[in-house]
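Engineer: Task: produce atomic coordinates for the following.
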Amino acid sequence: LLGIIGLAIATILGLVFQAILLLPIALKRGHFRFKLNIFNPGVLRVFILLLPLLLANIFSKSNVLVERYLASSMVDGSISHLSYAFRIWSMLAILLAGIGIVIFPKMASFASKNDTNSLREIISVSLRVTWLIVAPVMIFGIVLALPFVTILFQRGHFFISDTIVVAGLLQIYLLCLPAGCFGNVTARTFYALKDTRTIGLFSSIESIVYIIYTAVLAHFWGIIGIVLGFVILYNISILWQLFIIRYK
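Structural biologist: This next block holds a predicted model:
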């Protein structure tokens, strides 16, 4: 009824509804009690650990703005095509990356006990299981990208020409699906080790470099260059994370 404004309103209402559902837990009397105490030693310790990540996000979250800026100077529809392909990739990455969330308490427990052997083992097993799940999805996604995008989007003003472009971009995005899923394990390893400075520093550096080389790639290959820049970013990121984690 309200068009695109209705989508924005629905998003806000969804967030409000989530907050309402969680409110009884926050206000429930018993083991947990809601209390705002920013000077609590534990809160201050968490804030100090979060600070490098907050600073790094200034650079990493600007990547999307840079991509949209570069795409805005290309043919009509480039921003939409980029967004459609990226949303599908993001959906797959979120669905396949749950293992990192599940194992994090164990990782934190092993790290707090300095049990490096158990920590190394759970990281290794998690990465291998993730690969066994992600690899087939990546292959089938690349092969079936065109019919998949057709079923999802091709209707109304989304024509066959749009489907072909989005499917092609999705195939490139999928080349870094394993890296995106691995990152949910490796990033949480840094958190378990309470080493947010390393990941914050390297993330900031790689984001700055990403902006530079993506602009160059976009100049030569257009919208494909933007996606290639994203793929290079994630694949290189997982390499340095694995290297540093192994060293630690």
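Engineer: okay, CA-based contacts and neighbour counts for the rest of this
Structural biologist: Fine.
Engineer: how many neighbours does Ser90 have?
Structural biologist: Residues near Ser90, counting by other C-alpha atoms under 10 Å, number 16.
Engineer: My error: substitute Asp195 in the last question.
Structural biologist: By the criterion of other C-alpha under 10 Å, Asp195 has 15 neighbours.
Engineer: try Leu233
Structural biologist: By other C-alpha under 10 Å, the residues close to Leu233 number 21.
Engineer: Tell me who's in contact with it.
Structural biologist: Applying C-alpha atoms under 8 Å, 6 or more residues apart in numbering to Leu233 gives the contacts Glu206, Ser207, Tyr210.
Engineer: who's in contact with the first one?
Structural biologist: Shown in contact with Glu206 (C-alpha under 8 Å, 6+ apart): Leu233, Ser237.
Engineer: Just the pLDDT at it, thanks.
Structural biologist: With respect to pLDDT, Glu206 scores 92.
Engineer: any idea how far it lies from Ala26?
Structural biologist: From Glu206 across to Ala26, the span is 38 Å (C-alpha to C-alpha, to the nearest Å).
Engineer: next one: the second one
Structural biologist: Summarising the geometry, the distance separating Ser207 from Ala26, computed by C-alpha to C-alpha, is 36 Å.
Engineer: What of Phe59?
Structural biologist: Distance of Phe59 to Ala26, computed by C-alpha to C-alpha: 33 Å.
Engineer: Need the phi and psi values for the residue nearest to Gly183 when sequence neighbours are not counted.
Structural biologist: Nearest non-adjacent residue to Gly183, counting by C-alpha to C-alpha, 6 or more residues apart in numbering: Ile238, 6.2 Å away. Per-residue torsions, Ile238: phi -70, psi -30 (degrees, to the nearest 10).
Engineer: what sits against Ile238?
Structural biologist: By C-alpha under 8 Å, 6+ apart, the neighbours of Ile238 are Ala179, Gly180, Phe182, Gly183, Thr186.
Engineer: pLDDT score assigned to it?
Structural biologist: The predicted local confidence for Ile238 comes out at a pLDDT of 95.
Engineer: Asn63 too?
Structural biologist: 84.
Engineer: Can I get the helix or strand that contains Ile94 in PDB, CA atoms only?
Structural biologist: Element membership for Ile94 (DSSP states H and E) is helix 78-96. Taking C-alpha atoms only, helix 78-96 is exported to PDB below (Å, rounded to 0.1, in the frame of the first residue of the first chain):
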ATOM      1  CA  SER A  78      24.400  -0.800 -11.600                       C
ATOM      2  CA  ILE A  79      23.800   0.000  -7.900                       C
ATOM      3  CA  SER A  80      20.600  -2.200  -7.900                       C
ATOM      4  CA  HIS A  81      22.400  -5.100  -9.700                       C
ATOM      5  CA  LEU A  82      25.300  -4.800  -7.200                       C
ATOM      6  CA  SER A  83      22.800  -4.700  -4.200                       C
ATOM      7  CA  TYR A  84      20.800  -7.700  -5.400                       C
ATOM      8  CA  ALA A  85      23.800  -9.900  -5.900                       C
ATOM      9  CA  PHE A  86      25.400  -8.900  -2.600                       C
ATOM     10  CA  ARG A  87      22.100  -9.500  -0.700                       C
ATOM     11  CA  ILE A  88      22.000 -13.100  -2.000                       C
ATOM     12  CA  TRP A  89      25.600 -13.600  -1.000                       C
ATOM     13  CA  SER A  90      25.000 -12.100   2.400                       C
ATOM     14  CA  MET A  91      22.000 -14.400   3.000                       C
ATOM     15  CA  LEU A  92      24.000 -17.500   2.100                       C
ATOM     16  CA  ALA A  93      26.900 -16.400   4.300                       C
ATOM     17  CA  ILE A  94      24.700 -15.800   7.300                       C
ATOM     18  CA  LEU A  95      22.800 -19.100   6.900                       C
ATOM     19  CA  LEU A  96      26.100 -21.100   6.600                       C
END
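Engineer: how far out from the middle of the chain is it?
Structural biologist: Between the centre of helix 78-96 and the centre of its host chain there is 11 Å, according to C-alpha atoms, centre = their mean, to the nearest Å.
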